[in-house]
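S.K.: Let me see the structure of the following:
(one chain, ligands or ions: 1)
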Amino acid sequence: MELKTLERLPMWIGGRAHAPTTTRYGEVTNPATGEVVRHVPYANPEDVDAAVRAAQDALPAWRASPSLRRARILMRFRDLMEANKKELAKIVTQEHGKTLVDAEGSITRGIEVVEFATGVPHLLKGEHSENVGTEVDSWSIRQPVGVCAGITPFNFPAMVPMWMYPVALACGNTFVLKPSERDPSLALRMGELLKEAGLPDGVFNVVHGDKEAVDALLAHPLVRAISFVGSTPIARYIYETGARNGKRVQALGGAKNHAIVLPDADLDFATEAIIGAGYGSAGERCMAISAVVAVGDAGDALIARLAVRARRIATGPGDAAGIEMGPVITRAARDRITGLIDRGVAEGAALVVDGRRPAVPGHPNGFFVGPTLFDRVAPSMTIYREEIFGPVLCVVRAGSLDEAIALVNANPYANGAAVFTRSGYAARRFQQDCEVGMAGVNVPIPVPMAFFSFGGWRNSLFGDLHVHGMDGVRFYTRTKVMTSRWPDDGSAAPGFHMPVMG
Ligand code: NAD
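M.R.: Below you'll find the predicted structure:
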C-alpha cells in the first residue's frame, strides 16, 4: 500500500485494507512542518466488531497449526521488516518526528521480539511428571488465550506493538491492534508485511481510533486479553474496565525515570549518557531520563557539563542530516511542555538551558521544543511531580545515596532508574533497594532485551505480567494441567472419597 499525501487511511481487517463505516476522521500531522499529511478513521463499535470477528474466525485454524509453522511465518516476517527497515523508518519519522536513525533503532528493537518469538516451539513446552499417583501421570500445557487486543501509544509506532503481537501470534492467538491515532500508518504496513510473510487472513487486524474504539474492544465479549501501553490515567482505566469485563489485562503506564549520579562517577561518561537518555527522541520515551539526582559534590560539575552539551544538541526535522533531536508530537504537546517550563520558572527552579523558543530555520510551523535543563528542582514542584514527556531534564540535589534512593522510591511512577558510580558497593545497594521495574548501573536506559521482560512497578504498570520475554508467553497463554491414567481391565475405579496418595 503506497501512502499518499492527504489520503484517508483504511483499517486492516481479514488480511486486506478495509473501508470503515465510521464517518469520524482525525488529522495526522507531520510534526516537523505542522502540515496535515493524512486522515485517520476513528472506528465505531461496528468497525471494531468486524475486526474482532475476523480474528475470531481465524482463530481455530491458527491455534491448531503447528507452532513451528507459526514460527516460520514470523521468521519470514522478521526478514521483511529488516529488508524494509529504511522505508518503515521514514513513515515513523514523518508521523512521529524522531530522527531516522532513532526510528530505525526502534524497529530493530521490535524485530528482536520477533526473533524471540520464533523460539516458540521451545517456549511452549510444558512440564511432565510420571507416577504422580499410582499409574497416574500429570503434565502441563500452554494454550492460547484467544482473540487478543493491543492498544498502543504514539511514541513507538513500530516497537511497542511489536512488544505484543509477535508473542501473541506465536502462541497461537489472533490479534486486533489499535495503534495511536497520531501515527497510525505503520500498523497498516506491518499488516501487509505479515500477509506477505504468509500469515493467514484475519490473524492480525488493525482498527484505528480513539476512546470509542478502545471502549468497544474493552466491552467486546470475544476479546479475551488486552495489552495496553500509554499514560497512567488511561492505563488505570483500561485495567479496571478490562478486569471488570472479565479480561486478562496488562496495562503499562507513564514514567518519571531517575538517574542518580554519585560523586565518584565518571562525570564525562555520565553526562553523555544522560544527554542521550534525556533528550533522545525529544524526551518522548517511556524510559527517558527526566530526573537527575546529583549526590553531594557531583552537582555543580555535572550541571556545568550537561549545560554545555545540551546547548550543542542539533534540533530540527528528523529526516535532515546531522539532526540529533526532532520535534514533539503535536502542537498541543509543545504548548503543554512549554507551559510546564513556565511553571518550573514560576515555582523557583533554576532554568539553566531554556528550550522554549528554539530557532529551526525553514520550519516555522514545526512543533519544536529545544533541550531544557533545570537545576535546584524540589520534589514539590510541578516539573518534578508530573510526567513532562518532552526534552526537559530536572536536576535535584541530594546529600547521600540513601536520600537519592528514597526519592526514587517515593515517586508514584516506577518504570526505570539508573545509578552512575564506580563503587560496586553503591551499585549493589542501589540494585537491592531501588523500587522500580528496570534498573541500570552506568546504563541510562536499561530497557531489557526481548528475551527478558519489560515493565515497571507502581503507577507504571497495572497487572501482574510484563511484556515480551517469558512474561509475554505467560500472558498470552493459559496453563492447563492434565492428569491421566490408563487402567488395565479390572483395576479398581476411583472411589467416593477424596483421592489421596497412600
Ligand atoms: P495515551 O495514554 O494518550 O494513549 C495511548 C493509547 O490510548 C492510544 O492508542 C490512545 O488512542 C488511547 N486512548 C487515549 N485516550 C483514551 C481514553 N480516554 N480512553 C481509552 N483510550 C484512550 O498515551 P500517548 O500520549 O499516546 O503516549 C505517551 C504515554 O505513554 C506517556 O505517558 C508514556 O510514558 C507512556 N508510555 C509508556 C510506556 C511503558 O512501557 N510504560 C511505553 C511507551 C509510552
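
S.K.: what residues does this protein put near the ligand?
M.R.: By CB under 6 Å from any ligand atom, the residues of the chain that approach the ligand are 151-156, 160, 178, 180-181, 210-211, 214, 229-231, 234, 237, 252-255, 286, 387, 389, 415, 456, 460. The C-beta positions use only the backbone N, C-alpha and C, and glycine is treated the same way.

S.K.: Got a quick PyMOL command for the buried subset of those?
M.R.: Here is the PyMOL selection string for the buried members of those, based on 16 or more other CB atoms under 10 Å:
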select buried, resi 151+152+153+154+155+156+160+178+180+181+214+229+230+231+234+237+252+253+254+255+286+387+389+415+456+460
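
S.K.: I figured L267 hits V261, correct?
M.R.: Yes. Checked against CB atoms under 8 Å, the pair L267 and V261 is within contact range at 7.4 Å.

S.K.: the more surrounded of those two?
M.R.: Between L267 and V261, counted using other CB atoms under 10 Å, V261 has the larger neighbour count: 29 against 18.

S.K.: Isn't the more buried one up against F269?
M.R.: No. Applying CB under 8 Å, one finds V261 not in contact with F269, separated by 10.3 Å.

S.K.: what residues are shared contacts of the two?
M.R.: Common neighbours of V261 and F269, counting by CB atoms under 8 Å, 6 or more residues apart in numbering, are F420.

S.K.: rewinding a little: could you list which of the residues of the chain next to the ligand belong to helices?
M.R.: 160, 211, 214, 234, 237 (DSSP state H).

S.K.: Work out for me the element the nearest residue to S138 once chain neighbours are set aside sits within.
M.R.: Spatial nearest neighbour of S138, excluding adjacent residues (CB to CB, 6 or more residues apart in numbering): V132 at 4.4 Å. For V132, the element it lies in under DSSP states H and E is strand 128-133.

S.K.: Tabulate the CA atom coordinates of that strand in CSV.
M.R.: Extracted C-alpha coordinates of strand 128-133, given in CSV (Å, rounded to 0.1, in the frame of the first residue of the first chain):
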residue,chain,number,x,y,z
HIS,A,128,5.7,-33.7,32.8
SER,A,129,5.7,-35.9,35.8
GLU,A,130,5.3,-39.7,35.7
ASN,A,131,3.5,-41.5,38.5
VAL,A,132,2.1,-38.6,40.5
GLY,A,133,-0.2,-41.3,41.8
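
S.K.: Tell me the backbone dihedrals of L68, please.
M.R.: phi -70, psi -30 (degrees, to the nearest 10).

S.K.: does the nearest residue to it once chain neighbours are set aside count as helix, strand or coil?
M.R.: Spatial nearest neighbour of L68, chain neighbours left out: P121 (5.1 Å); criterion: CB to CB, 6+ apart. Following DSSP: H, G, I helix; E, B strand; the rest coil, P121 is assigned to helix.

S.K.: Find me the pLDDT at the nearest residue to V206 once chain neighbours are set aside, would you?
M.R.: Distance criterion CB to CB, 6+ apart; nearest residue to V206, sequence neighbours excluded, is W12 at 3.9 Å. W12 is assigned 98 on the pLDDT scale.

S.K.: Which parts of the strand or helix carrying W12 count as buried, going by neighbours?
M.R.: W12 is part of strand 11-13, with elements assigned from DSSP H and E. For strand 11-13, burial by neighbour count (16+ other CB under 10 Å) applies to 11-13.

S.K.: Quick one: the ones in helices among the residues of the chain next to the ligand as JSON lines, columns for pLDDT too.
M.R.: Converted to JSON lines, those look like this (pLDDT from 0 to 100):
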{"residue": "V160", "pLDDT": "98"}
{"residue": "K211", "pLDDT": "98"}
{"residue": "V214", "pLDDT": "98"}
{"residue": "I234", "pLDDT": "98"}
{"residue": "Y237", "pLDDT": "98"}
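
S.K.: quick check, nearest of these to L100?
M.R.: The closest of these to L100 turns out to be V160 (CB to CB; 18.6 Å).

S.K.: re earlier: I'd say the residue nearest to S138 and T483 touch.
M.R.: Yes. With contact defined as CB under 8 Å, V132 reaches T483; the gap is 7.1 Å.

S.K.: Name the residues contacting each of the two.
M.R.: S138.

S.K.: How about the contacts made by the residue positioned nearest the centre of the chain?
M.R.: When CA atoms, centre = their mean is applied to the chain, the residue found nearest the centroid is V160 (4.0 Å). V160 makes contact with 152-153, 229, according to CB under 8 Å, 6+ apart.

S.K.: Check A291 too.
M.R.: Contacts for A291 (CB under 8 Å, 6+ apart) come out as 256-259, 377, 384, 393-396, 407, 411.

S.K.: sorry, back to before: let me have the contacts of V160 in CSV, extended by pLDDT.
M.R.: Shown next, in CSV, are those (pLDDT from 0 to 100):
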residue, pLDDT
T152, 98
P153, 98
V229, 98
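
S.K.: picking up where we left off before, show me what the next helix or strand after the strand holding V132 pairs with in its sheet, parallel or antiparallel.
M.R.: Using DSSP H and E, the next helix or strand after strand 128-133 towards the C-terminus is strand 136-144. According to DSSP bridges, strand 136-144 has the following sheet partners: strand 128-133 (antiparallel), strand 477-485 (antiparallel).

S.K.: got the buried residues for stretch 315-335?
M.R.: Neighbour-count burial for stretch 315-335 [16+ other CB under 10 Å]: 315-319, 323-330, 333-334.

S.K.: oh sorry, the question was meant for stretch 189-199
M.R.: Residues of stretch 189-199 classed as buried: 189-195, 197, 199 (neighbour count, 16+ other CB under 10 Å).

S.K.: now, among those, which is nearest to A298?
M.R.: M190 (43.6 Å).

S.K.: chain center to the helix or strand containing the closest one, what's the gap?
M.R.: Per DSSP H and E: M190 is located in helix 185-196. Relative to the chain's own centre, helix 185-196 is displaced by 19 Å; criterion: CA atoms, centre = their mean, to the nearest Å.

S.K.: could we number from 48 for the rest of this?
M.R.: Done: numbering now begins at 48, and the last item shifts to helix 232-243.

S.K.: Rounded mean pLDDT for it, please.
M.R.: 98.

S.K.: And stretch 356-371, by the same measure?
M.R.: What stretch 356-371 shows for mean pLDDT is 97.

S.K.: How about stretch 538-549?
M.R.: 74.

S.K.: residue ranges with poor pLDDT in this structure?
M.R.: 48-53, 548-549 (pLDDT under 70).

S.K.: and with 90 instead?
M.R.: 48-54, 404, 535-549 (pLDDT under 90).
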